[in-house]
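K.L.:
With the input below, show me the fold.
(one chain, ligands or ions: 1)
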Amino acid sequence: MKAPLLALLLTTAATAADPGKPPLTAQTSASGGPLDPAQKKLRLDLADLQLAVDPEREVVNGTATLTLALLDRTDRIVLDLDRNYTVTMVSVDGVDLTAAWSNPEGRATIKLPKKTAKDATQTVVKITYGGRPHVAVRAPWDGGFVWSRTDDGRPWMATAFQMEGCDLLWPCIDYPTYEPKSVALHITVPKGMKAPSNGVLKGVDQLDDGRTTWNWEVRDPNLYGIALNVGPYEEVSGPYRSRFGNTIPMHYWYLPGEKAKAEGLFAEFAPVLDFYEGLIGPYPWGDQKVGVVETPHKGMEHQTINAYGNAYAKTADGFDELFQHEFGHEWFANQLTASNWDDFWLHEGFTAYMQPLYGRWREGEGRYLSMMLASRIGIQNKSPLVAGKPQSAEDVYEKAPGRGGDIYSKGAWILHTLRNQIGDRAFFDATRLLVYDRTDPAPGNFKPQFRTTPDFIRFVNQVTGNDWRWFFDVYLYQAALPKLVQTRAGDRLTFTWQVPGNKPFPLPVEVQVGDRIERLPMTGGTGTVTVAEGEHVTVDPMSRILKQDDAVDALQAYRAARPRPSPAVAPPPSLAPSPRT
Ligand SMILES: [Zn+2]
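P.N.:
Residues are numbered from 1 along each chain as shown. This next block holds a predicted model:
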C-alpha cells in the first residue's frame, strides 16, 4: 500500500490493534503470524469462493470450496477465518463435519473422524459461512470491508486487509507462502451493480431476481491481493501492445460522472506499463489483465485489480503517484512476494524507489533527485529495517517505531545508494533475479517468487562478483545511519565512516574540491583529500549516499517539538490519512 505521508513527515504513530467493528481476535488481526503445527501439514492448492454481497444490509454470505494437499498424517485441518462469521456447514470430501468445527479465536479447526493416511493427496473442504464482516475504520491502514455510497446514493463497497490478511474474507491460511495456484471467485451483487475482481472474467450470470454473478479466475494470487469491489461502475478499456510481443488487456472501472478524469488516468496506464516493462521486465500477469478499480479507500495492490482512491490528485511530478505506486506492486508484492513480513521492505522499498525512477524515465536526473531528496526528510532510523526473525505484518508496520514508514523511504534510499555504487546493469540484473529468478525474463518463462532479504543480498553479490554484506549489515540490520565525520590537518581533509558497532563500512564517497570531483575509495572506512587554501569543499555533491544528515535531524526535531505541522510543510489533504482518526 501507499505510505501514509503524514506519518512519514511526522512520526509513524504506533497504533493499537485494529479498531474496526466487530472486533477481531489477536489471531485474526495479525497476518503472517506463527503457523499452527497442523497448518504446516497442509498446502492450499485451489479455492473456489462463492460470495454474495448485500450492500444494503452490509452482509456477505459465502461458500468456500478448498482443495488441500495433506502433506503428512493429521487428525485435524486448521484454517484461518474471522470468528465473526457464522459457519453453517462444513464438509470434508463430501462428509458433513459441521459438528466437528470449532473457531474460538479465528483459528478454525475441523477435527477429522480419523487420522489421515500419510501423503493423502487431495482433500476437498467445503465451508458455508456468512454474516456482517469486519468493517475498516481507516482503510487501507486498518483493514476490512468499506461500505460506502456514491454521490447519488448508490452502494459502493471495497475490501482491503493487508495487515489482517485473507481470513477477513475467506477461510485461508493467512501466511504469505500459502498462495493457492488458482482462485475462482463467483461474486453475486444486486441489480445494477458490477463486481470487478481479480484475474480473468469468465462470464456474468444473470439471476432470476435481477442480481448478477461475476465469475473470475486468478492464478497465483497474493493472499491479501484478493478483493471484492462492488459499485455502479463504468469502464474504460483497451489493449496494450507489449515490447515482449504479447498484447495485454487494460481495464479501469470508475464511478459514473467521471468519464474525462477516468480517461485521463487510463491514459497513464500504457506509459507506466512501458516504464516497468522496460526497466524491470514483463508485466507478470499479461495473460490475465491490467485492472484498476476506483475504491472508497486510498489504494491497495490487489492483484490485477489495483484499488485506486486518489481522487485524480495532481502533483508537480506530473503523474498519478498512487496509481503508479500500487501498480508497481504487481512486480514487487504480487510477482515477488516476501516469504515473511520481516521482508516487507522488498515490497515497499522497491515500489517506493520506482517512483523517482519513473520521474527520471519521464523527465531526467533533475526530477529523480528532487523526488529522492523529498523522501529523505521522513526517514526515522528508529528501528532496523529488517529484524532477521519472523514478523507479522503489524509487527513491521505498526509495532516497531518508525519501521512502517522506513520500509518505504529508507528502503528506496538504500536502493538508490546501492545503484550508485554498483551501476544500473548490476542493480537491475540483481532486481530481475529477485523478481523473476532470471535476468532474461520473457512472458511464459518465469513463475512467482517468494523472496527474503538474504536472497537479494545473494543476488547483488552474484552479479557484482563482490561481497556486499557489510553494506546491508549496516543499512538494513542497524537502525542508525552511517555518519561521515571530517577532520582537518593543514591541507589534508580526512573523512571517516562512523557506523554502529564499528562495523566495516568501506563505502566510496565523492568529494568536490573547487571544481574537481574526487571519488574516495574509503578503504578501511577512511579517505583523505588535499584542499588548497580558499578551496570550497562539497561532500557527496550529487546526494548519492544515504547517511546521517544534521539538517534532516534538526528538521525532524523541530517538527516533533511542534504540536502541528505548519501549513507550509503539511501534505496535501489527498495524501494525508483520513481525518477520522
Ligand atoms: Zn505500497
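K.L.:
pLDDT score assigned to the closest residue to the ion within the stretch 351-500 of the chain?
P.N.:
Going by C-beta to the ion, the ion is nearest to Thr351 of the stretch 351-500 of the chain, at 5.0 Å. C-betas here are computed from N, CA, C, even on glycine. We have a pLDDT of 98 for Thr351.
K.L.:
Now do the SS call for it.
P.N.:
Here Thr351 is recorded as helix under DSSP: H, G, I helix; E, B strand; the rest coil.
K.L.:
Excluding residues flanking it in the chain, which one is nearest it?
P.N.:
Gly328 (4.1 Å; C-beta to C-beta, 6 or more residues apart in numbering).
K.L.:
Quick check: phi and psi at that neighbour.
P.N.:
The phi and psi values for Gly328, taken as degrees, to the nearest 10, are phi -60, psi -30.
K.L.:
got it, and Thr98?
P.N.:
phi -60, psi -40.
K.L.:
tell me the contacts of it?
P.N.:
Contacts for Thr98 (C-beta atoms under 8 Å, 6 or more residues apart in numbering) come out as 87-91.
K.L.:
same check, this time on Met1
P.N.:
Contacts of Met1 (C-beta under 8 Å, 6+ apart): 140-141, 160, 162, 298-301, 326.
K.L.:
Please tell me how far it sits from Val460.
P.N.:
As judged by C-beta to C-beta, to the nearest Å, Met1 and Val460 stand 26 Å apart.
K.L.:
Could you do Val124 as well?
P.N.:
From Val124 to Val460 the distance is 44 Å (C-beta to C-beta).
K.L.:
what about the two, which has more around it?
P.N.:
With neighbours defined as other C-beta atoms under 10 Å, Val124 and Val460 compare such that Val460 has more, 25 against 14.
K.L.:
looking at it, Val386 is touching Tyr477, isn't it?
P.N.:
Yes. Contact criterion C-beta atoms under 8 Å: Val386 and Tyr477 qualify, at 5.8 Å.
K.L.:
from the contacts of Thr98, which is closest to the ion?
P.N.:
Taking C-beta to the ion as the measure, the ion lies nearest Val87 of the contacts of Thr98, at 33.0 Å.
K.L.:
Looking at the closest residue to the ion within the stretch 201-350 of the chain now. What's its pLDDT?
P.N.:
Residue of the stretch 201-350 of the chain nearest the ion, by C-beta to the ion: Glu348 (4.9 Å). For Glu348, the model assigns a pLDDT of 97.
K.L.:
Distance-wise, check it relative to Ala262.
P.N.:
On the measure of C-beta to C-beta, Glu348 and Ala262 end up 27 Å apart.
K.L.:
do the same with Tyr368
P.N.:
Distance from Tyr368 to Ala262, by C-beta to C-beta: 29 Å.
K.L.:
pretty sure the residue of the stretch 201-350 of the chain closest to the ion belongs to a helix, no?
P.N.:
Yes. Under three-state DSSP, Glu348 falls within a helix.
K.L.:
and the gap between it and Ser409?
P.N.:
From Glu348 to Ser409 the distance is 9 Å (C-beta to C-beta).
K.L.:
Those two: which has the busier surroundings?
P.N.:
Taking neighbours as other C-beta under 10 Å, Glu348 and Ser409 compare with Glu348 leading, 30 against 25.
K.L.:
Quick check: that one touching Ile414?
P.N.:
No. Glu348 lies out of contact with Ile414 (C-beta under 8 Å); the separation is 11.9 Å.
K.L.:
Residue numbers of the chain in contact with the ion?
P.N.:
For the chain, the contact set with the ion under C-beta under 5 Å from the ion comprises 1, 348.
K.L.:
Pass me the low-pLDDT residue ranges in the chain, would you?
P.N.:
Low-confidence segments of the chain (pLDDT under 70): 3-17, 120, 564-581.
K.L.:
Buried ones in the longest helix seen in it, by neighbour count?
P.N.:
If you go by DSSP state H, the chain has its longest helix at helix 403-436. Across helix 403-436, burial judged by 16 or more other C-beta atoms under 10 Å covers 403-422, 426-436.
K.L.:
Likewise for stretch 329-346?
P.N.:
Buried-residue list, stretch 329-346, by 16+ other C-beta under 10 Å: 329-346.
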